[in-house]
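Trainee: A structural model of the following input is requested.
(one chain, ligands or ions: 2)
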Amino acid sequence: NISENRPVIRQLDDAAINRIAAGEVVERPASAVKELVENAIDAGAMRITIDVADGGKTLIRVTDDGCGIAGDDLPLALSRHATSKIDGSDLLNIHTFGFRGEALPSLGAVGRLNITSRVPGAAAFEINVEGGHVGDVRPAALNAGTVITLRDLFYATPARLKFLRTDRAESQAIGDVIKRLAMAEPFVRFELRDVSGDAPRTTFRAEAETGDMFDALHGRLATVLGREFADNSLKIDAEREGLHLTGYAALPTYSRGSAVAQYLFVNGRPVRDKLLVGALRGAYFDFLSRDRHPAAALFLDCDPTLVDVNVHPAKSEVRFRDPGLARGLIVSALRHALADAGHRASTTVAG
Ligand code: ADP
Ligand code: MG
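Mentor: Ligands and ions are numbered 1, 2, ... in the order given. Presented below is the predicted three-dimensional model:
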């Protein structure tokens, strides 16, 4: 009987929708950390502290001194596609990390989430979400900024929980996320603490840098990548047709046996992009043997309309309107700097 077996089309409820979306946005603890720290940066925070227990599986807590969220807005911040960052009319013109309004509802669907926040001149409030169920807004105690606590990530989705790596591996992935964002924001102070045991342990700390953009970046790279990188890298500063390339690229003598020390940013956003990595390789082609990999932290900046960051929910891929221009700029600017340095070195030796 066909009518009896006919499938019924149902609208999914919000909790189910958020859980499905969370699968894309929150792959592992490090992706939750990324979303929360990016939110803190978007909120104008100057100090961001990240506490993590058991590789982020049992606890992730991000504390910031940013603009805060008003009590009335707390439920809105947790509803899907609600964002204070764009108005939807200009998806091509994005200046913040966030814009999809998906992170908080997704996190609330896959863990136990608490948001406590205070905007200047008002009282502090908090709200809880568990398994997608949003609680009431209640008065809370907090001096300023926002504290977001995510406990028991994936407790409701045991399948996902099972696919997580060891605490150690997840902690390392979190450290990597923090380091990339710390490079992108040298004027902001970052501290990452492991609070698994009885005594909290700081695993990474970067004090706020001062000076101009290059000073600050150089100082931050010394903190994140090490003094040796900072002392053996060349300042890059080039422009072509509205595309700006800045940062530091290591001398060939500082090269590595793997591609671990390649950090690329597009409009301030850490990216992993084949085109850009390929350009970096191409630039060093004449300067490095096949088994060596260049080390660099490079920032491409352009008008947001020239690059699409809306390729994937995690936003680590980008699409350039003119890929050849980006590649050409990287190759020529780095080759120039490397040839220059080589020339300086040989004249110093000769003289
Ligand atoms: P998006 O970042 O794409 O806007 P989110 O779900 O990550 O979406 O956050 C929703 C909204 O909650 C943000 O647009 C912002 O207004 C607010 N928000 C989130 N985190 C913070 C924070 N740490 N400080 C201030 N506001 C925040
Ligand atoms: Mg966000």
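Trainee: buried residues of stretch 63-81, list them for me.
Mentor: Of the residues in stretch 63-81, those buried under the neighbour-count criterion (16 or more other CB atoms under 10 Å) are 63-69, 71, 73-74, 77-78. No exception for glycine: its C-beta is placed from N, CA and C like everyone else's.
Trainee: go through these and name the one nearest residue 201.
Mentor: Distances from these to residue 201 were compared by CB to CB; the smallest belongs to residue 63, at 16.5 Å.
Trainee: for that closest one, name its beta-bridge partners.
Mentor: Residues found in beta-bridge contact with residue 63 (criterion: DSSP bridges) are residue 49, residue 147.
Trainee: for the remainder of this discussion, apply numbering that starts at 34.
Mentor: Taking 34 as the first residue, the last one we looked at is residue 96.
Trainee: my read: it touches residue 76, true?
Mentor: No: taking CB atoms under 8 Å as the contact criterion, residue 96 and residue 76 are not neighbours in contact, 11.7 Å apart.
Trainee: check the offset of stretch 356-373 from the chain's centre.
Mentor: Distance, stretch centre to chain centre, for stretch 356-373: 25 Å (CA atoms, centre = their mean, to the nearest Å).
Trainee: what are the buried residues along that stretch?
Mentor: For stretch 356-373, using 16+ other CB under 10 Å, the buried residues are 358-364, 366-368, 370-371.
Trainee: swap in stretch 136-155?
Mentor: For stretch 136-155, the neighbour count (16+ other CB under 10 Å) marks 136-152 as buried.
Trainee: let me see the mean pLDDT of that stretch.
Mentor: pLDDT averaged over stretch 136-155 equals 94, rounded to a whole number.
Trainee: again, but for stretch 100-113
Mentor: 93.
Trainee: ok, which residues in the stretch 34-183 of the chain are in contact with ligand 2?
Mentor: Residues of the stretch 34-183 of the chain lying near ligand 2 by CB under 5 Å from the ion: 72, 131, 136.
Trainee: sort out for me which of those are in helices.
Mentor: 72, 136 (DSSP state H).
Trainee: dump the residues of the stretch 34-183 of the chain next to ligand 2 to CSV, plus distance to ligand 1.
Mentor: Converted to CSV, these look like this (distance: CB to the nearest ligand atom, whole Å):
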residue, distance to ligand 1
72, 3
131, 2
136, 3
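Trainee: re the thing from before, determine which two of the buried residues of stretch 96-114 are furthest apart.
Mentor: Across the buried residues of stretch 96-114, the two lying at the largest distance from each other (CB to CB) are 98 and 111, at 21.5 Å.
Trainee: how does the chain divide into domains?
Mentor: Each domain of the chain is listed here as a residue range: 47-239, 250-383, per automatic domain parsing.
Trainee: residues from the stretch 34-183 of the chain in reach of ligand 1?
Mentor: Taking CB under 6 Å from any ligand atom as the criterion, the neighbours of ligand 1 within the stretch 34-183 of the chain are 68, 72-73, 76, 97, 99-102, 110, 116-118, 131-137, 179.
Trainee: one more pass at 8 Å, please.
Mentor: Proximity of the stretch 34-183 of the chain to ligand 1 is assessed by CB under 8 Å from any ligand atom, with 68-69, 71-73, 75-76, 78, 95, 97, 99-102, 106, 109-111, 115-119, 129-140, 148, 150, 178-179, 181 identified as the residues in range.
Trainee: hmm, back to that, deepest of the domains of the chain, which one?
Mentor: Of all these, domain 47-239 carries the top mean neighbour count, a mean of 19, counting by mean count of other CB atoms under 10 Å.
Trainee: quick one: end-to-end distance for that domain.
Mentor: Between the start and the finish of domain 47-239 there is a gap of 39 Å, counting by CA to CA, to the nearest Å.
Trainee: closest one of the buried residues of stretch 356-373 to residue 333?
Mentor: Looking at the buried residues of stretch 356-373 and their distance to residue 333, the nearest is residue 359, at 6.2 Å (CB to CB).
Trainee: how about the closest one, secondary structure?
Mentor: Counting by DSSP: H, G, I helix; E, B strand; the rest coil, the backbone at residue 359 sits in helix.
Trainee: find the nearest non-adjacent residue to it, please.
Mentor: For residue 359, ignoring the flanking residues on the chain, the nearest one in space by CB to CB, 6 or more residues apart in numbering is residue 353 at 5.0 Å.
Trainee: distance of the one you found relative to residue 257?
Mentor: Distance from residue 353 to residue 257, counting by CB to CB, to the nearest Å: 26 Å.
Trainee: kindly report the same for residue 95.
Mentor: 19 Å.
Trainee: next: residue 63.
Mentor: Using CB to CB, we find residue 63 at a distance of 16 Å from residue 257.
Trainee: let's have the buried residues of stretch 356-373 in JSON lines, adding pLDDT.
Mentor: JSON lines is the format used below for these (pLDDT from 0 to 100):
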{"residue": "358", "pLDDT": "94"}
{"residue": "359", "pLDDT": "94"}
{"residue": "360", "pLDDT": "95"}
{"residue": "361", "pLDDT": "96"}
{"residue": "362", "pLDDT": "97"}
{"residue": "363", "pLDDT": "97"}
{"residue": "364", "pLDDT": "97"}
{"residue": "366", "pLDDT": "97"}
{"residue": "367", "pLDDT": "97"}
{"residue": "368", "pLDDT": "96"}
{"residue": "370", "pLDDT": "96"}
{"residue": "371", "pLDDT": "95"}
